[in-house]
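1. only the shape, not the letters, is given here:
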DNA sequence: AATTTTTACGCAATCGTTTCCGAAATTCGT
DNA sequence: ACGAATTTCGGAAACGATTGCGTAAAAATT
């Protein structure tokens, strides 16, 4: 790296390092003339202050950490995109950590981040996370933390989510209204708030339409092969479902694959709908009805909140728990009119 | 953050900070007994050395930067996944920067990174990048830099790519062998090595089969709407193509959409094949034939190389220019047998 | 037993910036 | 013109960890 330093700049100009430092941050204590001289040389030498020295002295890293459970998921990618955008606007740097849904990895990362390496954290917890001590231990340090999507509601930290329950309700209702009565719900296993909210939406819809006895809930997880087997057996039971509602994009892919394998026709034999942020879902065969989450917006909003916390600005009352609505896009996998065979 | 410091630990134990420091890095100059005492207290207080102080003193940030042109692209996501994996193994942190194909942003980021914030960079350059001064200026600082996918071959820095030309050749050849003679190639605009290599593969195949006069090259770019229009006009010309080969995943999505809009049947009226790392491509209607790049492997390999450079280890001779083969997956959009109408 | 080597640790400088205190020098008010 | 306020800058102490050098004490060697 560049071995130029503030001190050398100061020597060169025969002024003190403090003056150079102040000039660079445009302090009012420095005359315009001096500032100009400093800036000229700094520009000429293309000097940049050492960020580690600066971080050490100011106790500020100008860096945030984003912790996500997986990356091969359009939702998290879009969130990350939003976060990165806001971070750049705020002159901040973004560290990325992927837990791969592994609780221990999450614990380790949070522990490591207690060193002051970052000024704040944005996290969507792993599905295997049930204990939140590593998170409270972090928050207790006084470092800002914002949850998005997979939040921990019992903690005193801002949460940005979508209206999972409402969205799940509407999706289920849509299936019911188009004639389905045996709707299977493929849930993400674990104790995540998101899982229970989506399940609640599903159950609530069943309840309102008197179909609670027909509920079919399948807990799916990380292992695609296991999921595949579970989905297969869905079609091997007595009363096969007439619709499948998957809580996670990935599950819908597997479901499509299984249907292809078992030669089960969507939507004729089974309708499909899923939470999904895959733009290509409209190109599926058949195109997939989807609950599209405002991922980019969630990223931007949660980053905004994090920076308010970092700047010690007061949050707007609405910013403690932000809920950005998803929207349902009905496509061929769950047509409004009954499909013609 | 934790306000515990080495010095306080030292006071507590009535030893000097240097002893504590050395104990933590398991120096042979410290007795086992002292090490144990230090470790016990450190564990009890859950102390972690301040990374900024450490970085400043050691002139090492334990951080790398990954610069990608876009994130909503499965290829880059998978590369990032591989990089993050290797980084964690090496106890390194990963900063992520997205240029959004914007040259100026790339320049700014590279300039900013000359401050010593990171120990190395991995980059896939923006499509609008034609001038490489910002990169050479960085490399001249002596900081390791590795290119992946979109490389700059004229520079003296390791490159990790796939065999774009060969893959493009095979894809084109496949189309020709299944009866296509008017194959359009949707190229990524700009002067990227990757673009010209893929184009060369396409052209070479045409040449070998005496179809060079039928070449149709469409330069597509960032703007989906512009691309859409260009693709539309492909079908409005005299001799409409009987196959389309897209160099970028995104272009294939747009092409599918246009075909849907114009009611052009794939593969009956036009065959399709594309570079794509979208797992869901097999679920498209029709399923998309794809050149799948070894994205995860590219990420791991390039990260491996970067860490060798950072550790001042010698590169294996094969690691200067690494080429990992892609593989072609033929699906319904370009069936081997002529489709029955 | 005297000397050399090894072990185990402390001192203090250092990394590069920032910022709290002054303290000249200048400007202002009357 | 004289004290007061302001402007403009420098000195030096942080920030927290690392490390070269020095040195007692213990162990090993002759």
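-> Sure, I can see it. Since we're looking at a predicted model, the values are computed, not measured.

2. drop to CA atoms for contacts and neighbour counts, all remaining ones
-> Will do.

3. show the pLDDT at the closest residue to DNA strand C within the stretch 201-341 of chain A.
-> Relative to DNA strand C, the nearest point of the stretch 201-341 of chain A is residue A:311 (13.8 Å; Cα to the nearest atom of the strand). For residue A:311, the pLDDT comes out at 93.

4. how many other residues sit next to whatever residue of the stretch 151-300 of chain A ends up closest to DNA strand D?
-> Nearest residue of the stretch 151-300 of chain A to DNA strand D: residue A:157, at 25.0 Å (Cα to the nearest atom of the strand). Neighbours of residue A:157 under the rule other Cα atoms under 10 Å in any protein chain shown: 18.

5. and what of residue A:193?
-> Residue A:193: 17 surrounding residues under other Cα under 10 Å.

6. how about residue A:236?
-> 10.

7. what sits against it?
-> By Cα atoms under 8 Å, 6 or more residues apart in numbering or on different chains, no residues touch residue A:236.

8. rewinding a little: surely the residue of the stretch 151-300 of chain A closest to DNA strand D is within a strand?
-> No. Counting by DSSP: H, G, I helix; E, B strand; the rest coil, residue A:157 is not part of a strand but coil.

9. pLDDT at it, what is it?
-> 94.

10. that one and residue A:322 touch, don't they?
-> No. Contact criterion Cα atoms under 8 Å: residue A:157 and residue A:322 do not qualify, at 11.4 Å.

11. need the strands for chain A, in chain order.
-> A:63-68, A:93-98, A:120-123, A:145-148, A:159-162, A:183-188, A:216-220, A:243-246, A:271-275, A:289-292, A:321-324, A:327-329 (DSSP state E).

12. now the ones you listed in JSON lines, with mean neighbour count and distance to chain B?
-> Shown next, in JSON lines, are the strands of chain A (neighbours: other Cα atoms under 10 Å in any protein chain shown; distance: least, Cα to the nearest Cα, whole Å):
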{"stretch": "strand A:63-68", "mean neighbour count": "24", "distance to chain B": "9"}
{"stretch": "strand A:93-98", "mean neighbour count": "22", "distance to chain B": "4"}
{"stretch": "strand A:120-123", "mean neighbour count": "24", "distance to chain B": "10"}
{"stretch": "strand A:145-148", "mean neighbour count": "27", "distance to chain B": "12"}
{"stretch": "strand A:159-162", "mean neighbour count": "26", "distance to chain B": "20"}
{"stretch": "strand A:183-188", "mean neighbour count": "24", "distance to chain B": "18"}
{"stretch": "strand A:216-220", "mean neighbour count": "18", "distance to chain B": "19"}
{"stretch": "strand A:243-246", "mean neighbour count": "26", "distance to chain B": "16"}
{"stretch": "strand A:271-275", "mean neighbour count": "28", "distance to chain B": "14"}
{"stretch": "strand A:289-292", "mean neighbour count": "24", "distance to chain B": "14"}
{"stretch": "strand A:321-324", "mean neighbour count": "18", "distance to chain B": "21"}
{"stretch": "strand A:327-329", "mean neighbour count": "18", "distance to chain B": "16"}
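
13. near residue A:101, how many other residues are there?
-> If you count neighbours by other Cα under 10 Å, residue A:101 ends up with 19.

14. identify the residues contacting it.
-> Residue A:101 touches A:69-70, A:125-128, A:222, counting by Cα under 8 Å, 6+ apart.

15. which one of the residues you listed is nearest DNA strand D?
-> Nearest to DNA strand D among the contacts of residue A:101, counting by Cα to the nearest atom of the strand, is residue A:125 at 28.2 Å.

16. so where's the stretch 201-341 of chain A shaky on pLDDT?
-> The stretch 201-341 of chain A contains residues with pLDDT under 70 at A:337-341.

17. likewise the stretch 51-200 of chain A?
-> Checking the stretch 51-200 of chain A against pLDDT under 70 turns up nothing.

18. who in it is up against chain B?
-> The stretch 51-200 of chain A comes close to chain B at residues A:51-53, A:55-56, A:71-72, A:74, A:77-78, A:81, A:84, A:93-98, A:112, A:114-117, A:141-143, as judged by Cα under 8 Å from any Cα of the partner chain.

19. out of those residues, which are close to DNA strand D?
-> Within the set of those, contact with DNA strand D (Cα under 7 Å from any atom of the strand) is found for A:53, A:56.

20. buried ones among the residues of the stretch 51-200 of chain A next to chain B?
-> Among those, those buried by neighbour count (16 or more other Cα atoms under 10 Å in any protein chain shown) are A:51-53, A:55-56, A:71-72, A:74, A:77-78, A:81, A:84, A:93-98, A:114-117, A:143.

21. which residues touch residue A:275?
-> Going by Cα under 8 Å, 6+ apart, residue A:275 touches A:246-249, A:290-293.

22. JSON lines for those, including distance to residue A:336?
-> Below are these laid out as JSON lines (distance: Cα to Cα, whole Å):
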{"residue": "A:246", "distance to residue A:336": "18"}
{"residue": "A:247", "distance to residue A:336": "21"}
{"residue": "A:248", "distance to residue A:336": "22"}
{"residue": "A:249", "distance to residue A:336": "21"}
{"residue": "A:290", "distance to residue A:336": "14"}
{"residue": "A:291", "distance to residue A:336": "15"}
{"residue": "A:292", "distance to residue A:336": "18"}
{"residue": "A:293", "distance to residue A:336": "21"}
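
23. for these, name the two members farthest from one another.
-> By the measure Cα to Cα, A:246 and A:293 form the most distant pair in the contacts of residue A:275, at 13.9 Å.

24. okay, now the nearest residue to residue A:266 once chain neighbours are set aside: neighbour count?
-> Setting aside the residues directly before and after it, residue A:266 is nearest to residue A:333 in space (Cα to Cα, 6 or more residues apart in numbering or on different chains), at 5.9 Å. Using other Cα under 10 Å, residue A:333 has 25 other residues around it.

25. right, and residue A:333 touches residue A:265 too?
-> No. Under the criterion of Cα under 8 Å, residue A:333 makes no contact with residue A:265, lying 9.6 Å away.

26. so residue A:35 makes contact with residue A:28?
-> No. With contact defined as Cα under 8 Å, residue A:35 and residue A:28 do not form a contacting pair (9.9 Å).

27. helices of chain A, start to end?
-> A:6-13, A:17-24, A:32-45, A:51-58, A:74-89, A:103-112, A:133-139, A:164-177, A:193-208, A:224-234, A:249-262, A:295-310 (DSSP state H).

28. tell me which of the ones you listed sits nearest to residue B:197.
-> Distance to residue B:197, taken as Cα to Cα, is lowest for helix A:74-89 among the helices of chain A, at 28.4 Å.

29. what's the closest one in contact with?
-> Contacts for helix A:74-89 (Cα under 8 Å, 6+ apart): A:66, A:68, A:70-71, A:93-94, A:276-278, A:293, A:295-300, A:302-304, B:71-72, B:77, B:96-98.

30. and the angle from that helix to strand A:63-68?
-> Relative orientation of helix A:74-89 and strand A:63-68, computed by axes from the mean of the first three to the mean of the last three Cα atoms, to 10 degrees: 170 degrees.

31. helix A:74-89 to strand A:93-98, inter-axis angle?
-> Angle of helix A:74-89 versus strand A:93-98, following the same axes, to 10 degrees, is 160 degrees.

32. from the contacts of residue A:101, which is closest to residue A:171?
-> When the contacts of residue A:101 are compared for distance to residue A:171 (Cα to Cα), residue A:127 wins out at 22.7 Å.

33. surely that closest one touches residue A:189?
-> Yes. Under the criterion of Cα under 8 Å, residue A:127 makes contact with residue A:189 at 7.0 Å.

34. who's more crowded, these two?
-> When residue A:127 and residue A:189 are compared for neighbours, residue A:127 comes out ahead with 23 against 15, by other Cα under 10 Å.

35. all set now, cheers.
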